[in-house]
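J.: how would this look folded up:
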Amino acid sequence: MSSVRIAVRVRPFNTREKDRDAVNVIKMQGKSTSISHPDKLFDKNSTRTFTFDYSYWSMDSSQPQFSSQDDVHRDLGTDMLNHACDGYNTCIFAYGQTGSGKSYSMLGAPGHDQRGIIPRTCEELFVRIEESTDETHKFRVEVSYFEIYCEKVKDLLNPQNKGNLKVREHAALGPYVDGLKKIPVMDYKQIDNLMELGNQARTVASTNMNATSSRSHAVFTLIFTQKEKAQDSEMWGEKVSKISLVDLAGSERAQSTGATGDRLKEGAEINKSLTTLGRVIHALADVGKPGAAIPPFRDSVLTFILKESLGGNSKTSMVAALSPAGINYEETLSTLRFADRAKQIVCKAMVNEDPNARMIRLLKEELIKLRQIIIQENLVEKVEAMGINIKGALGSVSIVKGLTPSSTPLNPEKTLSDGVEQAEGGETTESDPVDDEVTDAPAELKSPTRNITTEQALQQIKESEKLMQELTLPWQEKLDEAEKHKVETEDYMKRMGIAITLGENGVETTVKGVFSPKNTPHLVNLNEDPLMNECLIYYIKEGVTDVGRNENCDINLHGNYILPEHCKFENSKGVVRLVPAAGSYTFVNGVKIVETVDIKQGSRVILGVHHVFRFNNPEVRVVRFMLTTQD
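T.: This next block holds a predicted model:
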């Protein structure tokens, strides 16, 4: 058993706080973090001090106690990776108010030195793999990435799936997201591309407190499988570790964020799930005490999914992100109290390994102990006189432990096409019993084991068969399926206006984010929201490009007054014409059109009532530039 490790990190003042001449109310010394009321900075009685495992001062890089992204990863990310290599489930989650620096700590910012815990942990994992030379170990790495937005689960690596994924619970596997895409990866570059894809699809909006506020909880998971060959036999054991890296949405007050309309409703849903998380933390901290409440895991999708990470089969760490500004005093104090409560939680982590491999390991450890006793007691000669060759029988035996930098290194499965399947009984985990006391849980989170009907029994059989199929799917088939999914996703994202890769002259070039094509006419979206403006690009190919609600349209749009086949663009050698469908709401430069018109560079195109675009024709721009240069 181990307690949840807590780290607090204070960020620099942001623009909003500087404009309001905010004062610093946070002080750190060693593992202690102190907060003072902004109106009583010099009153010692108003100062409250908390002690955590780590206190990171990231407010001023010129100060000697400054903690960088690398420092945070070294203490938290590397340690969690060590535990994962030993076969434990691990989890790191970031908590704090909106704009306190959670996403910066977890995901980072542009620039190699500014990367957060998630990309650094993924890169370090594959660095260890590449440095390994032990042929008795093989590995597999799979990733999943999903968000919880307004209590709905969305797969960020499978944007084609627009529905709300169901959250279920399995007796052995614990809570899981049904239908979540798990993609096998071969190196860090693939993970980096998948993270970029997921981040493009993640729900982000602007509030007064933070211009790029994350409006959803994001969970990035690495499923790390280690296959280990037993010495002097052909038996392979298996350990499966789940590394969960969670970026929670920011807690906030409507008055501080200036949220209205949809932003206000989102904030209410976010605060509801975080309030439930607080109740779970309080209940878990009181476990074992008289009159302790039962943790209400099922009251929120977030807490139900994190059930194993909070007090279950996991080694868990938490990063509490703090604002140093006095204007955020109440929110910062609340975060510190939350973190102080969370450090009292005790997790019961266990190694997730194959039972047969575990038995072999325990027997080998026992042999090692016996050998050491024989040597210490100088009984080697006597024992060998009995016909037992100590050096021959036990000299080559070594304790088979989880892979850590200080012990046995990881060995890359250089040829992942071996089709290695999961050993029978591969993953063994323990999950808490379903909370029978909770009666108002969503239907998809109800207990699967009480008074079920025939129809429910058949549904459970289908779910079990689906899980079994996923667990026993050969590795090569997973790789083939991942490659097929990659092609489908890139095609879908391109139709939706987001391009991840672009082939130029037969060479595939990775392009992150949105780019402006050099040779292809295209539409760029326009939006009053600065974060949504000019972030989608739709290509107008040579020939005919169909636009409409139908899934087979080249440009797929939805919304009011968008017809199944709304209009089409005809591109002939750089000359683009817009052909509206009968009865469609199609406007060019504010004029509704009912017949074919030529589209000129810079024209404003409105389809339906909500989709506004600017038309760009790179070839026309090049001609204009050449004419201007000649003049």
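J.: ok, and the closest non-adjacent residue to Ile92?
T.: Among residues not flanking Ile92 along the chain, Ser317 sits closest, at 4.8 Å (CB to CB, 6 or more residues apart in numbering). C-betas here are computed from N, CA, C, even on glycine.
J.: for stretch 302-312, give the distance from the opening residue to the closing one.
T.: Criterion CA to CA, to the nearest Å; first-to-last residue distance in stretch 302-312 is 15 Å.
J.: buried set for that stretch?
T.: Neighbour-count burial for stretch 302-312 flags 302-312 (criterion: 16 or more other CB atoms under 10 Å).
J.: contacting residues around it?
T.: Contacting residues not belonging to stretch 302-312 are listed as 4, 89, 91, 93, 148, 153, 167, 169, 174-175, 177, 217, 219, 244, 246, 248, 273-274, 276-277, 280-281, 284, 287, 295-298, 314, 316, 345-348, 429-432, 445 [CB atoms under 8 Å, 6 or more residues apart in numbering].
J.: out of those residues, which sit inside strands?
T.: Residues of those located in strands (DSSP state E): 91, 93, 148, 153, 167, 169, 174-175, 177, 217, 219, 244, 246, 316, 346-347.
J.: type out the PyMOL command that picks the buried ones from these.
T.: To isolate the buried members of the ones in strands among the contacts of stretch 302-312 in PyMOL, using 16+ other CB under 10 Å:
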select buried, resi 91+93+148+153+167+169+174+175+177+217+219+244+246+316+347
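J.: tell me the contacts of the residue nearest to Ile92?
T.: 4-7, 76, 79-80, 90-93.
J.: 10 Å instead, please
T.: Ser317 makes contacts with 4-7, 53-54, 75-77, 79-80, 83, 90-94, 117, 309, as judged by CB atoms under 10 Å, 6 or more residues apart in numbering.
J.: ditto for Lys182
T.: Residues counted as contacts of Lys182 (CB under 10 Å, 6+ apart) are 142-145, 157, 221, 223, 470, 473, 478, 481-482.
J.: part of a helix, is Asn193?
T.: Yes: the assignment for Asn193 by DSSP: H, G, I helix; E, B strand; the rest coil puts it in a helix.
J.: any idea how far it is from Thr121?
T.: Separation of Asn193 from Thr121 (CB to CB, to the nearest Å) stands at 16 Å.
J.: also His137?
T.: 20 Å.
J.: just Arg298 next, same as before
T.: Separation of Arg298 from Thr121 (CB to CB) stands at 30 Å.
J.: next: Leu157.
T.: Distance, Leu157 to Thr121, using CB to CB: 18 Å.
J.: got it, and Lys154?
T.: According to CB to CB, Lys154 and Thr121 sit 23 Å apart.
J.: in the sheet, who's paired with the closest residue in space to Glu331 that isn't next to it in sequence?
T.: Setting aside the residues directly before and after it, Glu331 is nearest to Gln97 in space (CB to CB, 6+ apart), at 4.1 Å. Beta bridges link Gln97 to Ser251 when assigned by DSSP bridges.
J.: isn't Asp39 right next to Ile327, touching?
T.: No: using CB atoms under 10 Å, Asp39 is not in contact with Ile327; the gap is 11.6 Å.
J.: on that earlier part again, top of the contacts of Lys182 by neighbour count?
T.: Within the contacts of Lys182, neighbour counts (other CB atoms under 10 Å) peak at Tyr145, which reaches 27 neighbours.
J.: before we move on, the earlier item: Asp39 and Ile327: which is more packed in?
T.: In this view Asp39 and Ile327 are compared by other CB under 10 Å, and Ile327 has more residues nearby, 18 against 10.
J.: give me the phi and psi for the more buried one.
T.: For Ile327, the backbone dihedrals are phi -70, psi -10 (criterion: degrees, to the nearest 10).
J.: list the contacts for it?
T.: Ile327 sits next to 16-17, 20-23, 25, 38, 209, 256 when contact means CB under 10 Å, 6+ apart.
J.: so His137 and Thr121 - more neighbours on which side?
T.: Thr121 (25 against 21).
J.: nearest spatial neighbour of the more buried one, skipping sequence neighbours?
T.: Nearest residue to Thr121 in three dimensions, chain neighbours excluded: Gly77, at 4.3 Å (CB to CB, 6+ apart).
J.: what's around that neighbour, how many residues?
T.: Using other CB under 10 Å, Gly77 is surrounded by 28 other residues.
J.: now do Asp598
T.: The number of residues packed near Asp598 is 11, by other CB under 10 Å.
J.: if it is in a bridge, with which residues?
T.: Beta bridges link Asp598 to Arg577, judged by DSSP bridges.
J.: do you know the pLDDT at it?
T.: Model confidence at Asp598, given as pLDDT, is 92.
J.: returning to that earlier point: I'd say the residue nearest to Glu331 and Leu336 touch.
T.: No: using CB under 10 Å, Gln97 is not in contact with Leu336; the gap is 11.3 Å.
J.: coming back round to it: next, show the common contact partners of Asp39 and Ile327.
T.: The contact sets of Asp39 and Ile327 overlap at Val23 (CB under 10 Å, 6+ apart).
J.: so where's the stretch 51-200 of the chain shaky on pLDDT?
T.: Within the stretch 51-200 of the chain, the ranges that satisfy pLDDT under 70 run 162, 172.
J.: what about the strands in it?
T.: With DSSP state E, counting those that start in this stretch, the ranges of strands along the stretch 51-200 of the chain come out as 54-57, 90-95, 137-149, 152-155, 167-170, 174-177, 183-184.
J.: any chance of those strands in CSV, with distance to Gly30 too?
T.: Shown next, in CSV, are the strands of the stretch 51-200 of the chain (distance: least, CB to CB, whole Å):
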stretch, distance to Gly30
strand 54-57, 7
strand 90-95, 22
strand 137-149, 36
strand 152-155, 40
strand 167-170, 41
strand 174-177, 37
strand 183-184, 42
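J.: was I right to think the residue nearest to Thr121 contacts Glu124?
T.: Yes: the criterion here is CB under 10 Å, and Gly77 meets it with Glu124 at 7.1 Å.
J.: coming back round to it: closest one to Asn161 out of the ones in strands among the contacts of stretch 302-312, please.
T.: Distances from Asn161 to the ones in strands among the contacts of stretch 302-312, taken as CB to CB, are shortest for Val153 (10.2 Å).
J.: the closest one pairs with what?
T.: Counting by DSSP bridges, Val153 forms beta bridges with Ile148, Leu165.
J.: now do the same contact list for it.
T.: Val153 makes contact with 146-147, 163-167, 177-180, 216-217, 219, 301-302, 305, 444, according to CB under 10 Å, 6+ apart.
J.: alpha carbons only: can I get stretch 107-123 in PDB?
T.: The C-alpha atoms that make up stretch 107-123 are tabulated as PDB, following Å, rounded to 0.1, in the frame of the first residue of the first chain:
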ATOM      1  CA  LEU A 107       0.900  18.600 -22.100                       C
ATOM      2  CA  GLY A 108       3.300  21.500 -22.300                       C
ATOM      3  CA  ALA A 109       3.700  24.300 -24.800                       C
ATOM      4  CA  PRO A 110       5.400  24.700 -28.200                       C
ATOM      5  CA  GLY A 111       9.200  24.100 -28.000                       C
ATOM      6  CA  HIS A 112      11.200  21.000 -27.000                       C
ATOM      7  CA  ASP A 113      12.100  22.300 -23.500                       C
ATOM      8  CA  GLN A 114       8.500  23.200 -22.900                       C
ATOM      9  CA  ARG A 115       7.000  19.700 -23.300                       C
ATOM     10  CA  GLY A 116       4.900  18.400 -20.400                       C
ATOM     11  CA  ILE A 117       4.800  15.200 -18.500                       C
ATOM     12  CA  ILE A 118       2.800  13.300 -21.100                       C
ATOM     13  CA  PRO A 119       5.100  13.700 -24.100                       C
ATOM     14  CA  ARG A 120       8.300  13.300 -21.900                       C
ATOM     15  CA  THR A 121       7.000  10.100 -20.300                       C
ATOM     16  CA  CYS A 122       6.200   8.600 -23.700                       C
ATOM     17  CA  GLU A 123       9.600   9.500 -25.100                       C
END
